[in-house]
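K.L.:
all I have is the shape, not the residue letters:
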């Protein structure tokens, strides 16, 4: 009899359906295609969480362009805070398109950075920049595994 890969003191006749590693009943994870070990049963990360350097540079350029242009336009319309959220959403969308559709914590950080830089260059106040950052975070998934 084989020894469990996770509990060497336990003998087992079961093995992972994917990698063939021996597993005991405590470590079996039921899946639609049979029992798997915890490592093979773990869901894969989304392809949109990985960002290539070229995509990161394009995201920053698109985001800064949208942020600076939008901040100048928004500074002409004084006192409309709800527009700040829409401005942030548009910057987030520019970052997402520049990155080839990528979202997640890295792109959220890029978008918020672009809003901060564009907001200060365009002369926006801290409240408008904060609301725009919320718009970016909402568009790019709040930084969690989307």
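P.N.:
It's in. Just so it is clear, the structure is predicted and the values come from calculations on it, not from any experiment.

K.L.:
can you list the weak-confidence ranges in this protein?
P.N.:
For the chain, residues meeting the criterion pLDDT under 70 lie at 44-49, 78-80, 142-146.

K.L.:
show me the residue at the heart of it, geometrically.
P.N.:
For the chain, the residue nearest the mean C-alpha position is residue 104 (0.9 Å; C-alpha atoms, centre = their mean).

K.L.:
just list the residues touching the closest residue to residue 2 other than its chain neighbours, thanks.
P.N.:
Distance criterion C-beta to C-beta, 6 or more residues apart in numbering; nearest residue to residue 2, sequence neighbours excluded, is residue 22 at 3.8 Å. For the C-beta atoms, the positions are set from N, CA and C on the backbone; glycine is no exception. Residues in contact with residue 22 (C-beta atoms under 8 Å, 6 or more residues apart in numbering) are 2-5, 12, 14-16.

K.L.:
redo that, cut-off 10 Å
P.N.:
The contact partners of residue 22, taken as C-beta atoms under 10 Å, 6 or more residues apart in numbering, are 1-7, 10-16, 37.
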